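Chemist: one predicted model, sequence on top.
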Amino acid sequence: MPPKNQRISEQEVLRRLREICLWLPGASETVTFGHPTFQANRKTFAVLEEYKSELSICVLAGKRMQGVFLKDPRFYRTPYIGNRGWVSLKVHGAPLDWREVRELVVGSHALATDAALRARA
């Protein structure tokens with residue numbers, strides 16, 4: 001963990017996010033719209049993006065849970081896909097808790113892959 005006054009680099013965030021994401025079943029990394037994107041069964045479950053100078057980790061929270069996350073100032077509705085239940089966690093809003101990031105990513109992976117399986121049925 002970097003000292004309190006030092007910002008974690010985008011490369012370090014991506015390295016740690018990649019470790020979490022690629023550990024999940026069927027996960028792969030690609031680039032969409034210039035952003036590192038993690039998918040399983042061709043369904044996106046995590047994105048590292050910068051929007052309006054804010055580096056963020058984007059995950060699928062689901063429409064029912066999105067409001068819970070949006071009460072926390074570290075999160076905002078993901079641009080363009082927020083209407084589908086996506087939230088973005090500000091990387092530099094507060095020190096990142098990587099256990100929390102892992103839980104968010106695992107939950108997002110489950111939602112995305114479950115939706116993909118239901119669509120095939």
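Modeler: It's in.
Chemist: neighbours of L70, how many?
Modeler: By other C-beta atoms under 10 Å, the residues close to L70 number 14. C-beta coordinates here come from the backbone N, C-alpha and C atoms, glycine included.
Chemist: how close does it sit to V101?
Modeler: As judged by C-beta to C-beta, to the nearest Å, L70 and V101 stand 17 Å apart.
Chemist: kindly report the same for L89.
Modeler: Taking C-beta to C-beta as the measure, L89 falls 7 Å from V101.
Chemist: next one: A94
Modeler: Using C-beta to C-beta, we find A94 at a distance of 12 Å from V101.
Chemist: of these two, which one has the most company?
Modeler: Higher neighbour count among A94 and V101: V101, with 20 against 11, using other C-beta under 10 Å.
Chemist: what about the longest strand in this structure?
Modeler: Assignment by DSSP state E gives strand 43-51 as the longest strand of the chain.
Chemist: strand partners (parallel or antiparallel) of that one?
Modeler: Strand 43-51 has the following sheet partners, assigned by DSSP bridges: strand 35-40 (antiparallel), strand 54-60 (antiparallel).
Chemist: export the ones you listed as TSV, with columns for mean pLDDT.
Modeler: Shown next, in TSV, are those (pLDDT from 0 to 100):
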stretch	mean pLDDT
strand 35-40	98
strand 54-60	97
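Chemist: so which of these gets nearest V13?
Modeler: Minimum separation from V13 across those (C-beta to C-beta) falls at strand 54-60, 6.8 Å.
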